[in-house]
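K.L.:
Build me a model from this:
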Amino acid sequence: MNAVEIEAAISDLAFQPFDAAEFPFAFLAAFGNKDTALKRLRTGNNNVSDVPGGVLQRNNIHIAVCAEGNVGQTLKALRASPATAKAKAKFILATDGLTLEAEELLSGETIACAYPDLPNHFGFLLPLAGISTIKEIKDNPIDVRATGRLNKLYVELLSENPDWASAERRHDMNHFMARLVFCFFAEDTDIFNDEGLFTRTVEQMGERDGSNTHEVMETIFRAMNIKTDERVNAQPRLPVWADRFPYVNGGLFSGNTEVPRFTRMARTYLLHAGNLNWNQINPDIFGSMIQAVADDEERGALGMHYTSVPNILKVLNPLFLDELRAQLAEAGDNERKLLNLRKRMARIRVFDPACGSGNFLVIAYKQMREVEAEINRRRGKTQLGSEIPLTNFRGIELRDFPAEIARLALIIAEFQCDVLYRGQKDALAEFLPLDAQNWIVCGNALRLDWLSICPPTGTGVKMVADDLFGTPLDQAEIDFENEGGETYICGNPPYLGSTWQTDEQKADLQAIFAKRTKNWRSLDYVAGWFMKAADYGTKTNAAAAFVSTNSICQGQQVPILWPWIFATGNEIAFAYTSFKWANLASHNAGVTVVIVGIASHVERSRRLFSTSEDASVSAKEAEHINAYLVAGKEVIVEKSAKPLTGISEMTFGSKPVDGGNLLLSLDELDSLELSQHEKERFIRPIAGSEEFIGGKLRFCIWIADEDATYARAHPVIGPRLHMVRSMRLNSSKLATQRGAEWPHRFDERRQTGEEIVIAVAAISSENRDYLPCGLLPKGTVISNKCFALYDAPLWNLALIASRLHWVWIGTVCVRMRTDFSYSNTLGWNTFPVPLLTEQNKADLTACAEAILLAREAHFPATIADLYDLDAMPENLRHAHERNDEVLERIYIGRRFKNDTERLEKLFDLYTKMTAAAAKAKPAAKATRGKAN
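P.N.:
The predicted structure follows:
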């Protein structure tokens with residue numbers, strides 16, 4: 001269930017008569033528990049509560065219904081309950097049907113409320129559904145509740161008006177919803193001069209069955225598009241009840257005022273939405289949430305499309321807000337310096353070319369207004385109006401509904417800031433009529449000219465848009481009120497790796513990169529925004545920062561993208577290394593991202609931010625940040641055919657190219673009915689990444705060349721070899737066709753089958769602290785889904801199993817979504833290893849043996865079992881930590897403080913290694929020349 005569905009279910013529960021026996025189960029059902037789970041709790045099989053009237057769900061919550069007036073004592077009993085601790089309950093909750101108290105045990109945070117008031121606290125309990133929450137939602141659920149009400153209305157209206165769901169009319173429907181949002185907000189903030197005016201008028205003037213609701217609303221909308229002094233002559237004449245609405249303008253109510261037809265249920269949903277207190281709407285939350293209402297594909301995640309303010313500030317603070325606050329601190333009470341800062345902010349342009357519902361722009365605006373308000377306070381002029389124009393907050397958005405919501409969110413943010421810093425009276429005096437200028441453009445950001453949408457200093461561009469909510473075909477362009485300022489580009493563009501891009505998105509990247517590089521097809525979609533921002537920065541005083549999947553700073557994308565960005569004169573001014581960019585989705589389903597800020601004029605030292613496991617952030621000053629987001633010189637890690645240091649050679653495993661005829665499951669092996677002698681002669685266990693990590697049994701037919709004649713004549717094995725030969729002959733690849741000459745063996749055979757193998761999974765999850773690697777016994781075949789070192793010294797395993805190697809692979813190798821994609825040429829052969837002494841090798845061998853013995857102690861646990869982040873055995877973790885300590889002391893004489901420090905050392909070593917190798921080549925050539 002999503003957040004909106006949970007809020008609705010909790011509201012329904014609180015509205016119904018209280019049933020003491022049924023409450024715990026109805027409550028759990030409201031948070032998405034299935035009937036089967038509830039049935040087990042009802043029968044007592046899974047209910048281990050030791051509190052009277054209690055229901056205990058393991059790893060979740062301990063609930064108790066008690067006698068009237070005993071809520072406090074019951075909550076205390078739940079807290080002290082041994083069963084609560086044993087079942088690892090996250091929450092406790094007690095109620096008597098009149099009042100309710102709950103506590104989150106880890107944080108100690110509590111709620112206490114009247115039972116009917118429970119829906120106002122549902123955000124506190126969202127973790128019960130695996131949904132991470134934020135303070136704004138905990139404190140005030142209005143944004144989720146409003147989104148839910150509008151979603152029900154939207155779905156009902158489209159059901160009654162199917163033509164409004166068509167591509168031709170979807171814009172009209174979305175525009176209608178934007179008008180509704182404005183009306184709900186305006187009637188609760190005195191903008192309409194009468195609290196609840198819109199909702200009350202629709203309720204009083206409309207029929208209960210909804211039959212004339214559309215006519216009432218069309219009349220209201222028409223009234224708000226007619227100036228007060230022109231209403232006397234308006235035709236048709238406005239009724240008295242509509243004349244009470246003010247003139248709004250801004251294009252919000254101009255043009256077509258048609259309203260979809262309402263049913264009785266749609267009218268009910270409208271009134272329910274209007275009866276909420278929209279004065280409390282937070283535009284940066286609500287805007288993000290509501291954009292899913294109009295998107296059929298996103299509606300399943302309704303109420304979860306919210307990016308937390310702290311995450312947005314990770315982009316905006318180092319981009320420009322930190323500097324504004326520092327200038328404010330330096331100004332103190334100096335009148336001249338305060339005025340200069342105020343004038344500077346009035347000329348700052350914030351541009352989000354993938355703005356969605358505008359939350360980056362809204363947060364930037366609110367933060368700047370806070371600084372401006374402090375300037376006014378220090379100058380003793382708190383009554384001053386703002387000099388920061390909304391038109392300096394520009395955006396591009398592909399879809400029309402989020403674009404409209406972005407404009408509306410900024411308008412609401414401006415009004416709320418005016419109320420906060422100047423008072424309700426002054427805010428209302430200047431709010432209406434709305435400005436008709438259009439500063440959010442609807443279109444494809446990778447195809448539009450950013451310089452015309454956000455023109456550089458000194459460029460005379462002037463064209464007022466038709467209205468606030470309509471974008472002319474020839475792109476809306478307006479004058480900025482103050483020329484000569486800075487431009488800051490920011491946002492969270494769509495990521496989309498190359499595999500998942502549409503043909504149109506591929507064409508977008510081609511338009512940007514085709515003249516630059518032939519390898520552009522491997523780039524993530526977000527790379528287009530970075531390149532356009534870099535190009536924009538060559539024409540104007542701008543800096544940019546985007547959230548991106550970390551893959552653009554890893555592996556093959558680095559040499560494709562970043563040299564072109566650096567060629568424009570841009571450098572990396574600041575960056576956040578990998579962290580989870582989470583929203584309100586179930587189980588905190590975020591993606592691993594980086595934030596990269598680029599600028600062509602970096603006057604101060606660069607800042608590199610790192611996020612630790614406890615979410616704390618550390619910052620480091622650096623002279624330079626390279627494309628891998630490491631403090632250090634610019635360097636591109638390139639593939640190497642051989643190891644650059646004295647480590648053993650690693651290759652792919654053997655590739656069958658057999659049409660499945662040489663590979664066997666356990667059941668298939670049994671069905672062959674081979675004798676024990678034949679099994680020993682022709683059958684070997686085989687391991688790829690899946691088998692190696694998950695411990696799955698799989699076998700292969702493995703025939704020595706000298707046994708080929710016998711095998712072809714074998715009654716069971718022979719037909720399989722014949723099918724291998726046919727498959728290879730029918731291949732379109734010449735190399736595969738040649739393999740038909742040896743159907744008894746793997747097409748690419750890289751081992752005899754008699755070696756001891758150190759194996760490394762080719763694809764593995766990033767959700768482990770160490771790479772899946774290990775020692776396989778003699779006779780095991782490694783498939784091409786793994787990499788292998790054959791009969792290599794065991795100390796090599798200690799290197800692969802280290803945190804140092806995990807960090808290196810995660811940085812320089814390609815990613816498959818968020819999974820690691822190991823590479824021998826790019827990851828192993830380039831891995832910087834200091835010169836190892838024999839004692840170093842002996843120590844590392846002992847560490848590798850300790851890791852293997854620790855695993856063996858937990859047989860038959862698999863690699864997947866042993867390296868689960870929450871279940872890794874202590875002896876194995878200790879063995880790895882010992883291995884890391886021994887290895888890292890070889891590098892720097894102590895443990896590294898964090899992964900950032902590890903990478904800095906590795907890149908420093910790599911730079912020295914490659915420089916030494918480059919010097920050695922001419923010397924070697926010269927030596928050969930003399931010898932000749």
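K.L.:
What is the three-state secondary structure of the closest residue to residue 49 other than its chain neighbours?
P.N.:
In this structure, residue 49 finds its nearest non-sequential neighbour in residue 56, 3.9 Å apart by CB to CB, 6 or more residues apart in numbering. All C-beta atoms are positioned from the backbone trio N, CA, C, and that covers glycine. Here residue 56 is strand, with the state taken from DSSP: H, G, I helix; E, B strand; the rest coil.
K.L.:
Tell me who's in contact with the closest residue to residue 320 other than its chain neighbours.
P.N.:
Spatial nearest neighbour of residue 320, chain neighbours left out: residue 488 (4.8 Å); criterion: CB to CB, 6+ apart. With contacts defined as CB atoms under 8 Å, 6 or more residues apart in numbering, the neighbours of residue 488 are 319, 320, 348, 349, 350, 351, 364, 542, 543, 544, 545.
K.L.:
a strand runs through the fifth one, doesn't it?
P.N.:
Yes. When classified by three-state DSSP, residue 350 is found to be part of a strand.
K.L.:
wait, isn't it in contact with residue 394?
P.N.:
Yes. The criterion here is CB atoms under 8 Å, and residue 350 meets it with residue 394 at 7.3 Å.
K.L.:
any shared contact partners between these two?
P.N.:
residue 361.
K.L.:
Residue 610: which element?
P.N.:
Element membership for residue 610, per DSSP states H and E: strand 606-611.
K.L.:
immediately after that strand, which helix or strand?
P.N.:
strand 617-622.
K.L.:
Pull out the buried residues from that following strand.
P.N.:
620, 622 (16 or more other CB atoms under 10 Å).
K.L.:
Just give me how far the helix or strand just after it sits from the chain centre.
P.N.:
Heading C-terminal from strand 617-622, the first helix or strand you meet, by DSSP H and E, is strand 651-652. Distance, stretch centre to chain centre, for strand 651-652: 34 Å (CA atoms, centre = their mean, to the nearest Å).
K.L.:
by contact count, what packs against strand 651-652?
P.N.:
strand 786-790 (3 or more CB pairs under 8 Å, 6 or more residues apart in numbering; DSSP states H and E).
K.L.:
Can you list the low-confidence ranges for the stretch 401-550 of the chain?
P.N.:
456-484 (pLDDT under 70).
K.L.:
burial count for residue 715?
P.N.:
By the criterion of other CB atoms under 10 Å, residue 715 has 6 neighbours.
K.L.:
scratch that, residue 440 is what I was asking about
P.N.:
Neighbours around residue 440, by other CB under 10 Å: 30.
K.L.:
Run a quick neighbour tally on residue 889.
P.N.:
13.
K.L.:
mind checking how far it is from residue 908?
P.N.:
17 Å (CB to CB, to the nearest Å).
K.L.:
Residue 738 too?
P.N.:
Distance from residue 738 to residue 908, by CB to CB: 46 Å.
K.L.:
of these two, who's got more company?
P.N.:
residue 908 (16 against 13).
K.L.:
check contacts around the residue nearest to the more buried one when sequence neighbours are not counted.
P.N.:
Nearest residue to residue 908 in three dimensions, chain neighbours excluded: residue 632, at 6.2 Å (CB to CB, 6+ apart). By CB under 8 Å, 6+ apart, the contact list for residue 632 reads 622, 624, 625, 626, 904, 907, 908, 911.
K.L.:
Can I get the residues you listed in CSV including distance to residue 448 and pLDDT?
P.N.:
Below are the contacts of residue 632 laid out as CSV (distance: CB to CB, whole Å; pLDDT from 0 to 100):
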residue, distance to residue 448, pLDDT
622, 34, 91
624, 33, 93
625, 29, 95
626, 31, 95
904, 39, 93
907, 37, 94
908, 42, 93
911, 40, 92
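K.L.:
Would you convert those into JSON lines that also reports distance to residue 722?
P.N.:
Conversion of those to JSON lines gives the following (distance: CB to CB, whole Å):
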{"residue": "622", "distance to residue 722": "63"}
{"residue": "624", "distance to residue 722": "62"}
{"residue": "625", "distance to residue 722": "59"}
{"residue": "626", "distance to residue 722": "55"}
{"residue": "904", "distance to residue 722": "57"}
{"residue": "907", "distance to residue 722": "53"}
{"residue": "908", "distance to residue 722": "57"}
{"residue": "911", "distance to residue 722": "55"}
